[in-house]
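K.L.:
please work out how this folds:
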Amino acid sequence: MPDTLTLTRPDDWHLHLRDGAALAAVLPHSARQFARAIVMPNLRPPVTTTAQALAYRERILAALPAGAHFEPLMTLYLTDNTPAEEIRRAKAAGVAAVKLYPSGATTNSDAGVTELRRTYAALEAMQRAGMPLLVHGEVTDPEVDLFDREAVFVDRQLIPLRRDFPSLKIVMEHVTTREGAQYVRDAEGSIGATITPQHLLYNRNAIFTGGLQPHLYCLPVLKGEVHRRALVEAATSGSPRFFLGTDSAPHAVHLKEHAGGHAGCYTALSALELYAEVFEAAGALERLEAFASFHGADFYGLPRNAGTVTLVREPWTLPEAVPFGEAALKPLRAGDTLAWRLAD
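P.N.:
Below is the predicted model:
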């Protein structure tokens, strides 16, 4: 087994950075590992216009540590009322993509889409512009079981959507099920999927092992073991349709560990080390570079990065918590010892 692993510097194709003091606290963790990141727009208020996206980008750049090289790739938050003209304006300004949150599906999604057909003018403009649609792929029908929401979304929403817009580039964000991964693998046209470290490492049993584990609560929730194994197979398969997207989502410890615990796993502190653990366990370390550094850039039509990062086989222990503005933030696997460490 190798003691070092050097990769073309990777990108994170699904990242939450928050804003203000929270942004300043977490941004260095991502900038240390990744050259670029697709930044999620679900702030309060959400980033629904090009002007808001560009202003948010400036706040991110201003918060970067001195000497850091990191490019935030901005997104718009799709609503029922997003006009086609805003899509054209965003494309001209370099906004990278548009994010679909079904209303009520996840954190800060209350302003999201209530009916896909209400977005068709915007989607047509995106298809014409070659602008990707990033999908939180779950239905919010209360009659659908929580663990079935992704599979039902594929059948009810994604397949009809792609029939109506066959040239629209779509990323199925944080895919969590065997059905979702198989659909992305086999579907015709331009479609990809990001996969998070938590969905590769854990199944839903982990949420309840040794008592309720709030720091493993994320949306979409962890699924059964058959789905975790399918995701590992997809990520390590070498298919260019699957690429790295942490969905790292910081929440203060006290907001995770209370009665209405917030959804999200914070993985930015050790993302590459966690992915390396998964790929090594699957006997596929040689495919980690493509998953982390090539597939996403190729899908988005961006150049691959020129620099490198190096992982060293050297045990280290994740801190129990890190500063998060005036609060504390607990990373996924806090207090655990990891086998791989990102070299400085």
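
K.L.:
which elements pack onto the lengthiest strand in the chain?
P.N.:
Looking across the chain with DSSP state E, the single longest strand is strand 308-317. Based on contacts counted as 3 or more CB pairs under 8 Å, 6 or more residues apart in numbering; DSSP states H and E, the elements that strand 308-317 packs against are strand 4-8, helix 271-281, strand 337-342. C-betas here are computed from N, CA, C, even on glycine.

K.L.:
buried ones in the longest one?
P.N.:
Read it as helix 271-281. If you call a residue buried by 16 or more other CB atoms under 10 Å, then helix 271-281 has these buried ones: 271-280.

K.L.:
how about the helices in the stretch 201-344 of the chain?
P.N.:
Per DSSP state H, counting those that start in this stretch, the stretch 201-344 of the chain carries helices over the ranges 225-235, 253-256, 271-281, 288-289, 295-300.

K.L.:
ok now the fourth one, how far from the chain's centre?
P.N.:
In this case it means helix 288-289. 17 Å (CA atoms, centre = their mean, to the nearest Å).

K.L.:
who touches it?
P.N.:
The contact list for helix 288-289, computed with CB atoms under 8 Å, 6 or more residues apart in numbering, reads 5, 7-8, 10, 275-276, 279.

K.L.:
and the strands in this structure?
P.N.:
For the chain, applying DSSP E gives strands covering 4-8, 12-15, 36-39, 71-73, 75-77, 97-100, 133-135, 170-172, 191-195, 242-244, 308-317, 322-324, 327-329, 337-342.

K.L.:
dump these to JSON lines, plus mean pLDDT and mean neighbour count.
P.N.:
Listed next are the strands of the chain as JSON lines, based on pLDDT from 0 to 100; neighbours: other CB atoms under 10 Å:
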{"stretch": "strand 4-8", "mean pLDDT": "98", "mean neighbour count": "17"}
{"stretch": "strand 12-15", "mean pLDDT": "98", "mean neighbour count": "27"}
{"stretch": "strand 36-39", "mean pLDDT": "98", "mean neighbour count": "26"}
{"stretch": "strand 71-73", "mean pLDDT": "98", "mean neighbour count": "20"}
{"stretch": "strand 75-77", "mean pLDDT": "97", "mean neighbour count": "25"}
{"stretch": "strand 97-100", "mean pLDDT": "97", "mean neighbour count": "24"}
{"stretch": "strand 133-135", "mean pLDDT": "98", "mean neighbour count": "24"}
{"stretch": "strand 170-172", "mean pLDDT": "98", "mean neighbour count": "26"}
{"stretch": "strand 191-195", "mean pLDDT": "98", "mean neighbour count": "26"}
{"stretch": "strand 242-244", "mean pLDDT": "98", "mean neighbour count": "26"}
{"stretch": "strand 308-317", "mean pLDDT": "98", "mean neighbour count": "14"}
{"stretch": "strand 322-324", "mean pLDDT": "96", "mean neighbour count": "16"}
{"stretch": "strand 327-329", "mean pLDDT": "96", "mean neighbour count": "18"}
{"stretch": "strand 337-342", "mean pLDDT": "98", "mean neighbour count": "17"}
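
K.L.:
out of these, nearest to Cys265?
P.N.:
strand 327-329 (11.2 Å; CB to CB).

K.L.:
report all helices and strands that the closest one contacts.
P.N.:
helix 253-256, strand 322-324.

K.L.:
so for Leu17, which of those sits nearest?
P.N.:
strand 322-324 (12.3 Å).

K.L.:
what pairs with the closest one, parallel or antiparallel?
P.N.:
strand 327-329 (antiparallel) (DSSP bridges).

K.L.:
and the strand it pairs with, how far out from the chain's middle?
P.N.:
Put simply, strand 327-329 sits 21 Å off its chain's centre (CA atoms, centre = their mean).

K.L.:
now do it: everything it contacts.
P.N.:
Counting by CB under 8 Å, 6+ apart, 25-26, 250-254, 266, 321-323 sit against strand 327-329.

K.L.:
10 Å instead?
P.N.:
Under the contact criterion CB atoms under 10 Å, 6 or more residues apart in numbering, strand 327-329 has outside partners 21-22, 25-26, 29, 250-256, 266, 268-269, 319-323.

K.L.:
in ChimeraX, select just the buried ones from those residues.
P.N.:
Filtering the contacts of strand 327-329 down to the buried ones (16+ other CB under 10 Å) takes a single ChimeraX command:
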select :22,25,26,29,250,251,252,253,256,266,268,269,322
